[in-house]
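K.L.:
model the following, please.
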Amino acid sequence: MSSTTTPATSGRAAVPGPGGPGGQPAAAPRVVRQRRRRPGLIALSVALIAAGGLSGALLFTASGQRTAVLVVARDVPVGAAITDADLAPASLALDPAVKAVPVTKKAGMVGQRAAVALETGSLLSPGQVTSESLVKASEQLVGVALKPSQLPASRLAPGQKVLIVSTPDPAQATGGGKPGDVAGAPKTLAATVVAVGQPAPATGVVVVDVAVPAADGPTLAARVATGAVALILAPQEGS
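P.N.:
Got it, this is the predicted structure:
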């Protein structure tokens with residue numbers, strides 16, 4: 001009687017074939033392709049970055065350019081002479097269209113007169129000063145002493161147009177009427193304020209220098225000597 005011999009199996013686990021589990025073929029590994037760098041694009045990028053940096057540097061340099069100019073250190077009324085203390089130096093970045101007076105021309109500005117009212121902190125321009133005097137060749141300068149009751153409370157400034165009004169004694173000008181009735185309209189004389197003095201400590205009297213036509217200078221001086229005058233502001237142009 002013949003017997004069938006069964007081969008003994010080993011204890012090692014079976015190793016799958018190269019096709020993987022289930023006998024499927026294994027996927028091929030992906031190949032990572034490296035991007036090819038274009039030297040032309042790199043050079044262009046570098047050039048653009050450099051150009052942007054250069055433009056920014058030029059803009060910063062242009063905006064940082066400053067000019068030494070003159071500014072008004074304190075208020076100067078129109079017509080008043082400009083002194084050294086009225087002007088101060090300043091370093092500003094200005095647009096080329098702005099007209100300013102350089103610091104180097106300060107000596108030429110001192111002694112000239114303000115053509116307009118100069119305000120503290122404002123930039124001084126050539127058109128704001130003039131070499132012309134408020135007293136013309138055909139005029140005379142007369143000092144008028146006035147009490148506080150003989151002039152306006154508003155501050156007077158050089159260049160203002162005023163009227164010098166005669167204030168005679170009513171008893172001498174009634175013309176036979178009632179006391180206090182002044183006959184006719186009071187006499188007035190147009191004048192221009194040139195300078196205003198400081199009030200006297202005791203009396204408050206202020207001396208105002210005015211320019212009047214040369215023919216009227218002596219007459220005004222005689223009126224001022226009597227003290228029978230008053231000063232009022234003339235109507236302003238455009239009002």
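
K.L.:
list the buried residues in stretch 131-145.
P.N.:
Judged by neighbour count using 16 or more other Cβ atoms under 10 Å, the buried positions of stretch 131-145 are L134, E139, Q140, V142, V144, A145. Backbone N, C-alpha and C define where each C-beta goes, glycine included.

K.L.:
quick one: S125 from V144, how far?
P.N.:
Using Cβ to Cβ, to the nearest Å, S125 is found at 34 Å from V144.

K.L.:
now the element after the lowest-mean-pLDDT helix or strand in the chain, going C-ward?
P.N.:
Least confident helix or strand, the chain: helix 170-173 with a mean of 56, by mean pLDDT, DSSP states H and E. Downstream of helix 170-173, the next assigned helix or strand under DSSP states H and E is strand 188-196.

K.L.:
contacting residues around that following strand?
P.N.:
With contact meaning Cβ atoms under 8 Å, 6 or more residues apart in numbering, strand 188-196 is reached by 79-80, 134-135, 139, 141-142, 155-166, 206, 208-212, 216, 219-220, 234.

K.L.:
which strands border it, and is each parallel or antiparallel?
P.N.:
Strand 188-196 pairs in its sheet with strand 161-166 (antiparallel), strand 206-213 (antiparallel), by DSSP bridges.

K.L.:
tell me the helix or strand right after the last one.
P.N.:
Just to be clear, that refers to strand 206-213. Next along the chain after strand 206-213, with elements defined by DSSP H and E, is helix 217-226.

K.L.:
ok, then the element right after that next one?
P.N.:
Later in the chain than helix 217-226, the nearest helix or strand by DSSP H and E is strand 229-233.

K.L.:
domain parsing for this structure?
P.N.:
67-130, 139-233 (automatic domain parsing).

K.L.:
about what we covered before: among the contacts of strand 188-196, which ones are buried?
P.N.:
Among the contacts of strand 188-196, the ones that count as buried by 16+ other Cβ under 10 Å are 79-80, 134, 139, 142, 156-160, 162, 164-166, 206, 208-212, 216, 220.

K.L.:
mind checking which of the domains of the chain is nearest S45?
P.N.:
Nearest to S45, of all these, is domain 67-130, at 33.8 Å by Cβ to Cβ.

K.L.:
appreciated, that's everything.
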